[in-house]
Structure formats: C-alpha cells, structure tokens
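**Q** any chance you can model this:
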Amino acid sequence: MNTAKNIAEALLDYEAVKISLDPLFTWTSGIKSPVYCDMRSITSNVDLRRRIINVFIDILEGDDVDVIAGTSTAGISWAAWLAEALNKPMVYVRKRAKGHGTKKRVEGRMDKAQSVVLIEDLISMGGSSAASVRALQEDCDANVVKVLAINTYGMKEADKIFKEFDVPLQTVTSFSTIIDVAVQRGDINKEQAYILREFSMDPTRWAQKLSLLN
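**A** Numbering: from 1, shown residues only. Presented below is the predicted three-dimensional model:
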C-alpha cells in the first residue's frame, strides 16, 4: 500500500474521516455531504501527525523554500511542526486583517520576495487557500511555490482556483484515495463509492440529485 493509501487508512481508523450516506452531514455552508473530515483531531494523535509531517518533508525535498506559512487556524500547528523539522522561519495568515494596530494579515516576520509554502489541513472549495495566497503575495511580495495539505475533496471549484493563481497543490492523500481504501476494506461497496465520487463533482446539488435517485 502506497503512502497516500496508508494515510487514508489511518484517517479512517482514527475517524478523522467519516463516511455516511444516511444520515448525511451538514457543513457550515449548508451543503449536505456524505463525508465529514475532522483534520484538527489528528493533532492529538502523536504518531499520525509525525507520519504526516514526514510526508510533507518528502514532498518538499528539492524545493527551494525560505518560509513555512500556515492558514489560520487549521494550518498553524502543521506549519509550526514542519518549520521546526526543517529549521525554517514560520508565519501564519489571518482570515482577515486585524482591525487595529498595523492591520496585518500575515503574522510573523519575513523578507520581501521570499519563497513560501502554504500549509492547509483540508482543501474543499479552495477559498481559504486563495485568500491566504493573495495575502502573502500582496503583503509580502512572496513567491508561493505551492500549497501543501493533508487531504482534498478534489472539487472542480478548487482546481479552478489553483489554476487561476498558478500555484500548485500537493496533498498527502485525497477523498478519491480514501474512497478506494474504504472499498478495499469493505466499509462501502462499489455502488456507494460511485455515489460518493459524484459528490466532489457537484457538491452543492449532489444531495438533491441523490434524493431524486432514491
């Protein structure tokens, strides 16, 4: 089993990823989803978080990176662990500028035009990544060499955003891989896997389509 599948299996074992077609999960956005990813729970699992950091290090091998940046709040701890492991400076990007003082979006110190890798825990629609990349570019003249995340839903909207920013995305594992592993383990069958894959293609209308099928 390759690294992506190993991590996918660990996420399922730890219930950091939960799959349910009945009942569905409701996201903050109101989207009805067959999957819920609690990436923040992984920070409590010492072995799993170390494995993920080691994968991050392998992915970045050969890249010229000056600074590790984390998105607020989910990416901060991962960026800190990775920066420590690589002996690199670390900053984090606020969701919005401070309403007082210097009104900074990027907390920490970095020189202009440095190469940065941005750390996320989970990529869904790609909005938080886009805002963070924009803040790094506009406020620090940063060269964001890539966005690095643990997991991605593989949504078309996110793919479009990363293409527009011309910033590559690399992840440790993916929703597609998690589905493959769930089928191999017998957690779901192939028909359910097909239904789950349809979710990432059109998440906002997926539940409505599913109800029509049923």
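**Q** name the residues of stretch 82-95 that are buried.
**A** By neighbour count on 16 or more other Cβ atoms under 10 Å, the buried set for stretch 82-95 is 82-83, 86, 88-94. Every residue, glycine included, has its C-beta placed from N, CA and C.
**Q** average model confidence for that stretch?
**A** Averaged across stretch 82-95, the pLDDT comes to 96.
**Q** that older thread, which of the buried residues of stretch 82-95 sit farthest apart?
**A** Maximum pairwise distance in the buried residues of stretch 82-95, criterion Cβ to Cβ, is 22.9 Å, between Leu86 and Arg94.
**Q** circling back to that earlier point, redo the buried residues of stretch 82-95 as TSV? Include distance to Ser41 and secondary structure.
**A** Shown next, in TSV, are the buried residues of stretch 82-95 (distance: Cβ to Cβ, whole Å; DSSP: H, G, I helix; E, B strand; the rest coil):
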residue	distance to Ser41	secondary structure
Leu82	19	helix
Ala83	22	helix
Leu86	24	helix
Lys88	26	coil
Pro89	28	coil
Met90	22	strand
Val91	25	strand
Tyr92	20	strand
Val93	22	strand
Arg94	23	coil
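**Q** with distance to Thr71 added, can I get those in CSV?
**A** Listed next are the buried residues of stretch 82-95 as CSV, based on distance: Cβ to Cβ, whole Å:
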residue, distance to Thr71
Leu82, 13
Ala83, 14
Leu86, 18
Lys88, 17
Pro89, 16
Met90, 12
Val91, 11
Tyr92, 7
Val93, 6
Arg94, 9
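**Q** which strand or helix spans Leu118?
**A** strand 115-119 (DSSP states H and E).
**Q** nearest residue to Gly126 other than its sequence neighbours?
**A** Closest residue to Gly126 apart from its sequence neighbours, by Cβ to Cβ, 6 or more residues apart in numbering: Ala158 at 3.4 Å.
**Q** and that neighbour, its phi and psi?
**A** phi -70, psi -40 (degrees, to the nearest 10).
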